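>>> Fold the following for me, if possible:
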Amino acid sequence: MADLKTIHEIRFLNAKKLMDESGLKRKEFAEKIDMSYSLLSQYLGKNPTKNIGDDTAEKIEDAFNKPRGYLDQSSFSIAAENSFAQKKPQHMNFQPPVDLTHSENPRQTPVLSWVQAGDFSYVLSSDLSGAIDWIPYDPRAGESGFALIVKGTSMEPDFKPNEFIYINPTYQIDELHTGALVVMACEGDTEATFKKLISEDENYYLQPLNPNWHPQIIELDYTCRLVGKVVGKYTRY
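Predicted structure coming up:
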């Protein structure tokens, strides 16, 4: 049997899938399972604070005439993840490359180009021979982390051109809140972009730190993917 954390994650995804496939809005879904809207939001909201326990799982299964244990089946969660992910910016499902360390110094971080960062097939590959530089390791970026060189002035005054930013690619979009600094890549763009994230009413936007940069608000959709969270910077003098 899966551990409790895994069961809760599976139940969350499967309940989301049921709501999505039923065509019901969250308020209607709450009424169908005889639960208050505010309580349902704690289970299935954007930032859930409660796990779906056995009693709640059975209540959802009964309301939709599903067999006992339906919400616990991981095969459904895979489909749920694919379906639900189509409606919001996605994470790139980063898998650590085989070798993220410089052969001469294992405590270094590879620097990629913005084109490489926007190309998931490159970042997902095990070949980092194309790294354009190497900088000191930052533990906040993790063993799978990499770095990018700041371009342009959209993130001034906090981040200036030619400074390095450390990227932790293991975050999920749902784990981030307004104010997080992120690198995103959207379909049709040749490069990734670095901006501040805004999360509002289950929608996501990007905003530059420079108040004079335009556009000030960039809306994200399901064609956009989270490359990683910016966790630090490095300046070479």
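>>> Where in this protein is the helix or strand with the lowest mean pLDDT?
When each helix and strand of the chain is scored by mean pLDDT, DSSP states H and E, helix 120-123 comes last, with a mean of 48.
>>> going on from that one, what's the next piece of helix or strand?
Next helix or strand after helix 120-123 toward the C-terminus (DSSP states H and E): strand 133-136.
>>> Can you show me the strands along the chain?
Applying DSSP state E to the chain gives strands spanning 90-91, 108-111, 133-136, 146-149, 164-168, 181-186, 193-200, 203-207, 218-219, 224-234.
>>> how about those in a markdown table, adding mean neighbour count?
For the C-beta atoms, the positions are set from N, CA and C on the backbone; glycine is no exception. Conversion of the strands of the chain to a markdown table gives the following (neighbours: other C-beta atoms under 10 Å):
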| stretch | mean neighbour count |
| --- | --- |
| strand 90-91 | 18 |
| strand 108-111 | 21 |
| strand 133-136 | 15 |
| strand 146-149 | 24 |
| strand 164-168 | 24 |
| strand 181-186 | 22 |
| strand 193-200 | 19 |
| strand 203-207 | 18 |
| strand 218-219 | 14 |
| strand 224-234 | 21 |
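>>> Make CSV from the ones you listed and add distance to residue 52 and mean pLDDT to it.
Below are the strands of the chain laid out as CSV (distance: least, C-beta to C-beta, whole Å; pLDDT from 0 to 100):
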stretch, distance to residue 52, mean pLDDT
strand 90-91, 22, 58
strand 108-111, 39, 90
strand 133-136, 43, 92
strand 146-149, 36, 91
strand 164-168, 28, 93
strand 181-186, 28, 90
strand 193-200, 22, 91
strand 203-207, 24, 89
strand 218-219, 31, 87
strand 224-234, 25, 91
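>>> Same list (these) but as TSV, adding distance to residue 25.
Shown next, in TSV, are these (distance: least, C-beta to C-beta, whole Å):
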stretch	distance to residue 25
strand 90-91	23
strand 108-111	44
strand 133-136	48
strand 146-149	39
strand 164-168	35
strand 181-186	27
strand 193-200	18
strand 203-207	16
strand 218-219	21
strand 224-234	24
